[in-house]
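Chemist: Pasting the sequence and the predicted model now:
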Amino acid sequence: MAERDWAISADKLSLTFNAGPIWDRQQYQVLKQISFAVKKGETFGVMGRNGCGKSSLLRILAGVIKQSSGSLRFNNIGSRSLLTLGLGFNNDLSGRDNALLSLMLQGEEKAEAKEMLEDIKDFSGLGEQFELPMRTYSLGMRSRLGFATGVTANTDLLLIDETLSVGDQHFKYKAEQVMLEKLNGEQTVIFVSHNSRQVNKLCEHAIWIEQGAIEASGETKLVAKEYRCFMRDIK
């Protein structure tokens, strides 16, 4: 892949951590030599069961944590936005204030961020609850606000972790339509999910992670087929 064509290159990424009481520390390997490349403007899928390591990979890509070994390179990727069900919103602030702060943390000027708030309110479907404190929100409402804020911000890389699995069917449809639009756009997207059919619908290429290692990679339809066969066999 020519340099002008790629956005992310990961080579043998591994992540380990120590856990347990201080007198009996044990080492756990969360990710084991993960390698892949993502094209500019691509929506790239990461699928796998809960606890397989895919969310840890996303946090490495977001810069929240650092890999234990391996290399990670970005090509002309400045701003990054991480959308996850564990959103770092302030429970005492309103949805509006949280959206404003999130946009500013992602590099938007305050005046520009304020102009985006009504679009975020409309897309999230929160209505009057947009003005209420975050502590009054359900998990689905938090997810909708996070997704609406993330897709509105002008970031080079959008990292999405399972947020399309929460919310009513109407919002899921709207979110999927936005994702499909981005397939033809310039923004690079990493979409993480345990739902192979959703990844297959939104992504051209993908990897499947099982117990921290890549089991399959390549065209999404082929990777998703292997993943579904695996899930069927273990039930």
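Modeler: Yep, it's here. Remember, it's a predicted structure, so these values are computed and weren't measured experimentally. Residues are numbered from 1 along each chain as shown.
Chemist: any idea which element Met179 lies in?
Modeler: Using DSSP states H and E, Met179 sits in helix 169-182.
Chemist: So which bits of that helix are buried?
Modeler: When burial is assessed from 16 or more other Cβ atoms under 10 Å, helix 169-182 yields the following buried residues: 171-172, 174-175, 178-179, 182. Every C-beta, even on glycine, is put in place using the N, C-alpha and C of the backbone.
Chemist: Could you save those residues as TSV and add columns showing distance to Leu117 and pLDDT?
Modeler: As requested, those are arranged in TSV below (distance: Cβ to Cβ, whole Å; pLDDT from 0 to 100):
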residue	distance to Leu117	pLDDT
Phe171	18	79
Lys172	23	76
Lys174	18	80
Ala175	19	78
Val178	17	78
Met179	22	73
Lys182	21	66
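Chemist: now, which of these sits nearest Lys110?
Modeler: Nearest to Lys110, judged by Cβ to Cβ, of the buried residues of helix 169-182 is Val178 at 24.5 Å.
Chemist: so what's that closest one up against?
Modeler: Contacts here follow Cβ atoms under 8 Å, 6 or more residues apart in numbering; on that basis Val178 touches Val151.
Chemist: center of this protein - which residue?
Modeler: In the chain, the C-alpha closest to the average C-alpha coordinate belongs to Ile160, at a distance of 2.0 Å (Cα atoms, centre = their mean).
Chemist: Dihedrals phi and psi, that residue?
Modeler: Backbone torsions of Ile160, given as degrees, to the nearest 10, read phi -120, psi 120.
Chemist: now Gly107
Modeler: Note on Gly107: its backbone torsions stand at phi 100, psi 0 [degrees, to the nearest 10].
Chemist: so it touches Ser79, yeah?
Modeler: Yes. Taking contact to mean Cβ atoms under 8 Å, the distance of 4.7 Å between Gly107 and Ser79 places them in contact.
Chemist: Need the overlap of contacts for these two.
Modeler: 153-155.
Chemist: Helix, strand or coil: sort out Val46 for me.
Modeler: Using DSSP: H, G, I helix; E, B strand; the rest coil, the structure places Val46 in strand.
Chemist: Next one, pLDDT for it please.
Modeler: At Val46, the pLDDT value in this model is 96.
Chemist: Neighbours of it, how many?
Modeler: Val46: 29 surrounding residues under other Cβ atoms under 10 Å.
Chemist: And for Gly41?
Modeler: Neighbourhood size, Gly41 [other Cβ under 10 Å]: 15.
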